[in-house]
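1. Pasted the sequence and its predicted model underneath.
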Amino acid sequence: MPSTRQPIVIALIWAALPLAVPVGFAAASGEPQALAPVVVQGVTNTANVPAFADAGTVTLNRNMLRQRLFRTTPQALREVPGVMVQETSHGQGSPYVRGFTGFRNLFTIDGIRLNNSTFRSGPNQYWNTVDAHLLSRLDVRKGTSGVRNGSDAIGASVDAVSQSALDYSGQALAGYRISSAENSHVGRFEGHLSFTDETALLLGGTRKHFGDLIGGRDIGRQPNAGYDELDFDLKLEHRLANGARLSFAYQNARLEDVPRTHRTVFARSFAGTAVGTELQRSLDQHRQLAYVQLRDESVNEWVDRLVLSASWQRQKEDRYRARTGARFDWQGFNVDSFGLWSRAESETTIGRLAYGFEYYRDAVGSYSSGNTIQGPVGDDANYDLFGAYIEDHIRLAPRWEWTFGGRYGYAAANADSVRDPLTTLRTSVSRSWHSAVGETRLGWQVIPDRLSWHLAVAQGYRAPNLSDLTRFDVSRSGEVETASLNLDPEKYLSFESGVQFRQPTLTAELNGFYTLIDDQIVRFPTGALIGGMPEITKGNVGNGYVQGVELGLSWKAHEQWTLFGNFAWVEGQVDTFPTAASVARREYLDRLMPLSAQVGLRWDSQADAWWLETVVMLAEKADKLSTRDAGDTQRIPTGGTPGYAVVHLRGAWNVTKNLSANAAIENVFDQDYRVHGSGQNMPGRNFIIELTARF
């Protein structure tokens, strides 16, 4: 049984960090090559607040996304300290951030929630429906942020910011990416049209084909892993007379026949993992998003900045399964989400106020070939989510800033067609909840523009959704999850402190966090069997904690040479019922990220025509397993997932002003390795080339 120690003292240790950090670094010439630049997520994503007041926020800009040749949007986060990207299959990716994944991380697209009421607790595939090629940047805010971002923002909140039509450079773009071990072909085209200086249109399309995934030297080809994807995006922007921007955007992503190979007979055993028994399990994902947004940087004498947004988003999922004995079934759901929100900022005599509200309504339909009452979630359902918040940013002194705020949240779930877990007959659900959370942050510029320190205490919450309340589905471990009709919101209290150092040649950031978990909704067995499989239910029984340390640094040792790296340690435990017995036991969180680090060296040519870098990715053996981890033998080897050390090489060449080439050799030594909890191994030695032409 894991230790039940309560290491809350870690939060107090970090509060004293500025006294222990050396401050005698000498200034030098040259520009820094920061791995994880800190930005501030205001309503306009501009740095109106000093960086030390919002540490832990990382921006991955478009150049970084292109240079690292990431295959999917979730993979773009794999080099952020404290993030582990689990992949159930080649077409699915779910980041674990500070111990949390699934619906305990919030993903937004231009501020619009991707999360909806059907999201489940474990790893899911929905972040993969956002095409990385349409993005201008990814803003990653690690840690609990219930005041600013509402329900679900526990491990992290990530905003995918799409490209601007008015700020687009050039008239068109054509790109092609090919890789060997990924067995992929990806083509991207963008077209830009300026009607006037104030009105512009940007169109984009991406076609992706992935074949069988080739693992390392021993695992070899992993069959039945490929899928196809087609993405389309459009943005029309108009600059009004007062300088405000009015935007209309539409995005369409379709992923066809994405296999979940580890559940099938095509799986390849790794370090003793079990092979599945199904003949086929595949998913179709279809996501559409349309929105209108108004962004005004100078509204009037009372409101300095304002964003208004109205959106419609449809997410549709179909799952097909074929088993032995000519048995097959299918299920799915579709969710129409209507969103309306506003965010604003005002300079006042009592500080700079940030405030706003959001309202989303999900309309859900669900079906199953084997269940006339519902599909994986309740049928004929709707879900309402409302929140209103206010924050005040006060400059206490030239080098001190204090931020505090609060949020009120309301959620309501209604489903007319739910399979009652006791009678197996049709029933209905109607529940609502209220939540109130607060947050305070203190920042100190120890050495102006060089060394800063922050301390934050933040509350978070997650309201039960339709997946919590009404899910009837087979879980990842071969259990039947049934409806749990009496659940309450989860509550979290997070402490964070750290230091950031920045000078022209050295950038470093060290953060520590400790999060208390209260009333987390936990799945546990009932002792009953359904179709020969164990039944599991859910309850607010999970009390525990998660803590960790994250370090990132970048040192420009020479005008052309940069050394960079990061380190992350995460540990956490929560109460659960690992068996049908009525005795609770504290166990490790599911799929805890093992001790992980990255070290890299980069060379840039003097004329900025070339760059080359090598990166070593390291992870210890992931052997801190929960009972559910230990039982997930198709994905996690007995005793834990083996550690690894993998070397990547990559670089780029600006051939001409309008033509560039990016290339990489990933997993240079053809290692067999798997990210903890994934359903397949990562690619073996993988040659990637991407050519991009601008016109």
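-> Yep, it's here. Residues are numbered from 1 along each chain as shown.

2. what's the helix or strand containing Val307 packed up against?
-> Counting by DSSP states H and E, the element that carries Val307 is strand 305-323. Secondary-structure packing of strand 305-323 (3 or more C-beta pairs under 8 Å, 6 or more residues apart in numbering; DSSP states H and E): strand 112-113, strand 280-296, strand 327-348. Using the backbone N, CA and C atoms, a C-beta is placed for each residue, glycine as well.

3. backbone phi and psi for Phe669, please?
-> When read as degrees, to the nearest 10, the backbone of Phe669 gives phi -100, psi 20.

4. Please apply the same query to the one 5 residues further on.
-> The phi/psi pair for Arg674 (degrees, to the nearest 10) reads phi -140, psi 130.

5. Mind pulling the model confidence for it?
-> Looking at Arg674, its pLDDT is 97.

6. quick one: it and Ser121, what's the gap?
-> From Arg674 across to Ser121, the span is 22 Å (C-beta to C-beta, to the nearest Å).

7. ditto for Arg319
-> 18 Å.

8. of those two, who's got more company?
-> Per other C-beta atoms under 10 Å, whichever of Arg319 and Ser121 has more neighbours is Ser121, with 23 against 20.

9. ok now do that one, which residues does it touch?
-> 102-104, 467-468, 521, 523 (C-beta atoms under 8 Å, 6 or more residues apart in numbering).

10. Rebuild these as a markdown table, extending it with pLDDT, neighbour count and distance to Phe404.
-> Shown next, in a markdown table, are those (pLDDT from 0 to 100; neighbours: other C-beta atoms under 10 Å; distance: C-beta to C-beta, whole Å):
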| residue | pLDDT | neighbour count | distance to Phe404 |
| --- | --- | --- | --- |
| Gly102 | 93 | 21 | 30 |
| Phe103 | 95 | 25 | 27 |
| Arg104 | 96 | 25 | 24 |
| Ser467 | 94 | 24 | 33 |
| Asp468 | 95 | 25 | 31 |
| Ile521 | 95 | 22 | 29 |
| Arg523 | 84 | 24 | 36 |
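
11. Need those in a markdown table (columns: distance to Asn371 and secondary structure).
-> As requested, those are arranged in a markdown table below (distance: C-beta to C-beta, whole Å; DSSP: H, G, I helix; E, B strand; the rest coil):
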| residue | distance to Asn371 | secondary structure |
| --- | --- | --- |
| Gly102 | 23 | helix |
| Phe103 | 23 | helix |
| Arg104 | 27 | helix |
| Ser467 | 16 | helix |
| Asp468 | 18 | helix |
| Ile521 | 22 | strand |
| Arg523 | 19 | strand |
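
12. closest to Gly211 among these?
-> Among the contacts of Ser121, Gly102 lies closest to Gly211 (C-beta to C-beta), at 28.1 Å.

13. OK, contacts around that closest one?
-> 94, 119-124.

14. now these: which count as buried?
-> Among these, those buried by neighbour count (16 or more other C-beta atoms under 10 Å) are 94, 119-124.

15. returning to that earlier point: if we go by neighbour counts, what in the strand holding Val307 is buried?
-> So for strand 305-323, counting by 16+ other C-beta under 10 Å, buried means 305-309, 311, 313-321.

16. repeat for stretch 388-395
-> 388-393.

17. Let's see which of the residues you listed end up in strands.
-> Counted as lying in strands by DSSP state E, out of the buried residues of stretch 388-395, are 388-393.

18. Using TSV, please lay out those together with distance to Ile689 and pLDDT.
-> Converted to TSV, those look like this (distance: C-beta to C-beta, whole Å; pLDDT from 0 to 100):
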residue	distance to Ile689	pLDDT
Ala388	49	98
Tyr389	46	98
Ile390	50	98
Glu391	46	97
Asp392	51	97
His393	46	95
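
19. Rebuild those residues as TSV, extending it with distance to Arg245.
-> Conversion of those to TSV gives the following (distance: C-beta to C-beta, whole Å):
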residue	distance to Arg245
Ala388	25
Tyr389	24
Ile390	25
Glu391	24
Asp392	27
His393	24
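
20. Leu65 belongs to a helix?
-> Yes: secondary structure assignment places Leu65 in a helix (DSSP: H, G, I helix; E, B strand; the rest coil).

21. Now do the contacts for it.
-> By C-beta under 8 Å, 6+ apart, Leu65 lies in contact with 76, 132, 135, 137-138.

22. The residue positioned nearest the centre of the chain bridge partners, please.
-> The residue lying closest to the centre of the chain (C-alpha atoms, centre = their mean) is Pro95, at 5.0 Å. Legend: beta-bridge partners of Pro95 under DSSP bridges are Val85.

23. Quick check: it touching Val83?
-> Yes: in this structure, Pro95 is within contact of Val83 by C-beta atoms under 8 Å, at 5.3 Å.

24. Overlap of the contact sets of those two?
-> Shared contacts of Pro95 and Val83 (C-beta under 8 Å, 6+ apart): 77, 156.

25. for this structure, what are the low-confidence residue spans?
-> By pLDDT under 70, the weakly predicted segments of the chain are 1-56, 474-478, 531-532, 580-582.

26. give me that answer again for 80
-> Scanning the chain for pLDDT under 80 picks out 1-56, 473-481, 526-535, 579-583, 608.

27. give the contact list for Pro578.
-> Pro578 sits next to 524, 585, 587, 626-628 when contact means C-beta under 8 Å, 6+ apart.

28. Dump the helices and strands packed on strand 305-323 into TSV; add distance to Val186 and mean neighbour count as well.
-> Below are the helices and strands packed on strand 305-323 laid out as TSV (distance: least, C-beta to C-beta, whole Å; neighbours: other C-beta atoms under 10 Å):
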stretch	distance to Val186	mean neighbour count
strand 112-113	25	22
strand 280-296	17	19
strand 327-348	27	18
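
29. now those in TSV, with distance to Arg685?
-> Shown next, in TSV, are the helices and strands packed on strand 305-323 (distance: least, C-beta to C-beta, whole Å):
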stretch	distance to Arg685
strand 112-113	39
strand 280-296	28
strand 327-348	37
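
30. Out of these, flag the one nearest Ala619.
-> When these are compared for distance to Ala619 using C-beta to C-beta, the nearest one is strand 280-296, at 27.6 Å.

31. can you count the residues close to the nearest residue to Arg104 once chain neighbours are set aside?
-> Excluding the flanking residues, the one nearest Arg104 by C-beta to C-beta, 6 or more residues apart in numbering is Ile154, at 4.3 Å. Per other C-beta under 10 Å, the neighbour tally for Ile154 reads 30.
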